[in-house]
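Need the 3D shape of this:
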Amino acid sequence: MIITFNQKAREVVKMPEIQSQKKQTKTRDTPLMEVTLRRYEKPVGLEDRELVRKFCLGVGLLQPGDSRDVVVDVLLAMLLAKKEKSMLSSEDINEKVIEIRKKYNLAMLGIAPSNVRRQIKRLRELLLVEKVKSSYRIIEFGTLSTHYDEKFSQFLLPTIVTRIKEYFGEMDTRF
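Numbering: from 1, shown residues only. Now for the predicted structure:
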């Protein structure tokens, strides 16, 4: 469920004038919102990191076969902090990510502070993590399933489905 919020649906790019022709414009389609969902087997008997990894795959934060999986460790660090009701700075998250990767004997790839901050931003865009002053937490230390119901299934998903129905209707009338 990669959700990307863009300010406008189309960008207009002016093409350079060719001799005496009029200026031409070319539009690029940019989605207002994008969602990726995948269905996997039931989450039974999985270790903590594997459970979070399957979740990330399911909601589109991670691509199948992707070796760059530091987003899994960032989310796992945030979930462990939620259990203790503690806020984490980006530096704290970075340290926790390194600990997690050592614990699971994983390569220290993608652990640069700039990359960890980028992964935090992706989790914020997905409405899983919020920033309070200069620290981060799972939204209101609440349950992910509650936020899924409140934000995604009641608000975001219906708007996407409604818009797609509009495209169906428009195509039905034209063709």
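
looking at the protein, which helix or strand is least sure?
Taking mean pLDDT, DSSP states H and E as the measure, the helix or strand of the chain with the lowest value is strand 10-14, at a mean of 42.

Contact partners for residue 56?
With contacts defined as C-beta atoms under 8 Å, 6 or more residues apart in numbering, the neighbours of residue 56 are 62, 69, 71-72, 75. (C-beta placed from N, C-alpha, C; glycine too.)

taking these one by one, which sit in helices?
Secondary structure from DSSP state H places 71-72, 75 of those in helices.

quick one: residue 115 from residue 97, how far?
In this view, residue 115 and residue 97 are 9 Å apart by C-beta to C-beta, to the nearest Å.

Overlap in contacts, the two.
In terms of C-beta under 8 Å, 6+ apart, residue 115 and residue 97 are both contacted by the residues residue 70.

So between the two, which is more surrounded?
Between residue 115 and residue 97, counted using other C-beta atoms under 10 Å, the more crowded position is residue 97 (26 against 17).

My guess is the more buried one contacts residue 75. True?
No - using C-beta atoms under 8 Å as the test, residue 97 is too far from residue 75 to be in contact (9.9 Å).

follow-up on the earlier one: what's the closest of the contacts of residue 56 to residue 103?
Of all the contacts of residue 56, the one sitting nearest residue 103 is residue 72; the distance, using C-beta to C-beta, is 12.7 Å.
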